[in-house]
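**Student:** Let me see the structure of the following:
(one chain, ligands or ions: 2)
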Amino acid sequence: MAEKKKNRNRSVDPAVLEVLAETEGKYSSDTAYDRFLNMQPQCSYGDTGICCTICIQGPCRITKKASKGICGAHPYTIVARNLVRHALGGCAAHADHGLHASLLAREVSEGHAPDYTITDTKKLYALADMFDIPREGRDNRDILKDIVAIALEDFNRLDGQDSKWLPKVILPERIEKFKECDILPSSIHGTIADAMAQTHAGMDADPVNLVFKALKVALADYIGEHIATSLSDVLFGTPKPVVSEANMGVLDPDYVNIAVHGHNPILSEMIVKAARDMKGEAEKLGAKGIKCMGICCTGNEILMRQGVPILTNFSSQELAIMTGAVDAMVVDIQCIMPGIQAVSECFHTRVITTMPSVKIPGAYHVDFDDARAMEKAREVIEIALGAYKERSKEKINIPNVKNKVVAGFSLEALLDVFAAVNPDNPVQVLTDALLSGELRGVCLLAGCNNLKRVHDENHLVIAQELAKNNVLLVATGCAAQAYAKAGLLNADAVDKYAGDGLKAFMNRLNEANKDRLNEKLPLVFHMGSCVDNSRAYDLMTAMAKELQVDTPKVPYAASAPEAMSEKAIAIGSWAVALGMPVHVGVVPPLPGSPLVDGIALQIAHDVYGGYFIWETDPFESAKKILAALDERNWKLRVHRQAAEKYETTLSKTW
Ligand code: NFS
Ligand code: SF4
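**Tutor:** Ligands and ions are numbered 1, 2, ... in the order given. Prediction:
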């Protein structure tokens, strides 16, 4: 029992540890930290991928006695088929998100959805130019309509033609590669349907064919993400540097506190607006106003664009309610633990679902409607105000933990920062620093929390180790929130953790930007939500163009230190296909088939240049990421020297 108590504290976040300690044994509801313990030991068949439930003859588990499924499926088929299904879940989720953004953009272009508008014409024009859409003398709404038509076609195309979006946003070398192995998606929904059919019982048994399908699904996922990011920028603005705060100390007992949780800025932007408008009504109740704060990726969206503080990330969403100071938690789509409802019932907190695809028994439901967005957002706030009146002071315990955050680094914003040093060719500031050896590489820190690891520990250790070794860090998703909460998204962290090369690089940027930015730059650049991994990959593409190489040559890695969701599987898979070494800090269910595992870890490199690295220890993880970056640096240099010496073009191999 003593051991069990100790293990319950699976977090390095002091706010989380405080809430766990303060509430232990006090309330009837458990949390993910308890349920994780109750779940041990977890099934090793599922854990390694050799459990099949695709048909109801199953579950078929591969054992010494039963070396194949009842239908004769080999473990490699089972593992590969499960992988495709996981990637599919992620792709469908991002497609849902991207489609909603597209449909809203179409409404806006047609003059419906009066509460939304085109906020960022610069982004609108950039997209129009990318797709060769004429804009001289045209109304912005007509331009948007044309862009949306291309997006919607990429969701629904049935004529088998290639995606139109993808070839515009990645290198032609990658497109060629994808055509060669037939993984260039035609449409997102078409790919989802195909892959579902291909993985039905008695369909594809070939693990290689299935793995290629998983990659095609992952590329369809990428298109959905890129569309979601691009159209959200048009509707809500492309993020610029912004200062805010993070962790549970942002809760203010004097305010009506509304936690906005999920992924969709279409809802959260409106809640933030309504909360500002309805300040007076909160004051009438004796509160100083209404404070919104974010959890998970919608939190990232409104942090990046509105400066709204971060409350917490995925694993600790229930604990936010256990502070007793959250009046309402309004949720939209994805990563919402059903457990929040049971916790909320121990407090005055209202859980409010808003989307037809996400309902929780016992929770309030406000049927959000783009056409009546403000009215619906006000309805949500009314519920929060009602809850505020029922708050019980004795249950409130807000950990005094928060850190300053400098966020808002869309690719456009990041390039603006570089432009202060080199206005003609901003990205060269970064590639020069790599070629000179000042920086050892770039690493995208992405992904979720997963209680198989100690909450946030992998995130923090890996970032600190990489920073010490002069790797420039960009982050998204719950990883970025781990850094926000722990104080790594500010300039103090540069002094504390950066190696000499990274410090010199940051100093140069700070010096050049001193009249342009009010704040010094952070150790880790927050690029946004998980769909904004598309921004991080756009950066890699820009670097590849500048270096005149394909992406597998760029010293740029990704790490998902605590990957959890199917979306993370889809993202990791496209990152590999698009040429990144991808570290994952939780071993995904592949080792049950050494063949499929080997494809992910090695063969992928031969075909695409990207590959996976599984490593659960954070220090070892950092070492492996550094080794991957060093190898690329070394090859890049050797190839450049050879090309110079023999006056030839740069070698195409990686
Ligand atoms: Ni990404 Fe964002 Fe967090 Fe993971 Fe969930 S919130 S979309 S999936 S858990 S990072
Ligand atoms: Fe078992 Fe084959 Fe059915 Fe899977 S598809 S559950 S391996 S019989």
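**Student:** Name the spans of this structure whose pLDDT lies under the cut-off.
**Tutor:** Where the chain drops to pLDDT under 70, the residues are 1-6.
**Student:** Scan it for its longest helix.
**Tutor:** Selection of the longest helix in the chain by residue count, based on DSSP state H, yields helix 75-109.
**Student:** can that helix be found next to ligand 1?
**Tutor:** No: contact between helix 75-109 and ligand 1, assessed by C-beta under 6 Å from any ligand atom, is absent, since the two come no nearer than 8.0 Å. Yep, even glycine has a C-beta here, placed from its N, CA and C like the rest.
**Student:** From the contact counts, what lies against that helix?
**Tutor:** Taking 3 or more C-beta pairs under 8 Å, 6 or more residues apart in numbering; DSSP states H and E as contact, the helices and strands that helix 75-109 lies on are strand 51-52, helix 140-156, helix 188-198, helix 207-236, helix 265-277, helix 566-577, helix 594-598.
**Student:** Would you reformat those as CSV and include distance to residue 17?
**Tutor:** As requested, the helices and strands packed on helix 75-109 are exported to CSV (distance: least, C-beta to C-beta, whole Å):
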stretch, distance to residue 17
strand 51-52, 34
helix 140-156, 44
helix 188-198, 41
helix 207-236, 34
helix 265-277, 28
helix 566-577, 25
helix 594-598, 35
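**Student:** Spatially central residue for this structure, please.
**Tutor:** In the chain, the C-alpha closest to the average C-alpha coordinate belongs to residue 530, at a distance of 1.7 Å (C-alpha atoms, centre = their mean).
**Student:** related to what we said a few turns ago, next SSE downstream of the longest helix of the chain?
**Tutor:** Moving toward the C-terminus from helix 75-109, the next helix or strand (DSSP states H and E) is helix 121-130.
**Student:** Which elements pack onto that next one?
**Tutor:** Of the remaining helices and strands, those touching helix 121-130 by 3+ C-beta pairs under 8 Å, 6+ apart are helix 140-156, helix 207-236.
**Student:** Would you mind listing the buried residues in the longest one?
**Tutor:** By that I understand helix 207-236. Under the neighbour-count criterion of 16 or more other C-beta atoms under 10 Å, helix 207-236 has 207, 210-236 buried.
**Student:** residues contacting residue 124?
**Tutor:** For residue 124, the residues meeting the contact criterion (C-beta atoms under 8 Å, 6 or more residues apart in numbering) are 118, 140, 143-144, 147, 234.
**Student:** same thing but 6 Å
**Tutor:** With contact set as C-beta atoms under 6 Å, 6 or more residues apart in numbering, residue 124 has these partners: residue 234.
**Student:** Distance check, it against residue 564.
**Tutor:** Residue 124 sits 35 Å away from residue 564 when distances are taken as C-beta to C-beta, to the nearest Å.
**Student:** how about the nearest residue to residue 255 once chain neighbours are set aside, secondary structure?
**Tutor:** Using C-beta to C-beta, 6 or more residues apart in numbering and skipping the chain neighbours, the partner closest in space to residue 255 is residue 291 (4.1 Å). Three-state assignment for residue 291 (DSSP: H, G, I helix; E, B strand; the rest coil): strand.
**Student:** Any idea how many residues pack against residue 638?
**Tutor:** By the other C-beta atoms under 10 Å criterion, the neighbourhood of residue 638 contains 11 residues.
**Student:** what's the answer for residue 553, then?
**Tutor:** 24.
**Student:** At the contact with ligand 1, which residues of this protein appear?
**Tutor:** For the chain, the residues found near ligand 1 under the criterion C-beta under 6 Å from any ligand atom are 263, 296-297, 314, 335, 447-449, 477-478, 529-530, 564-565, 567-568.
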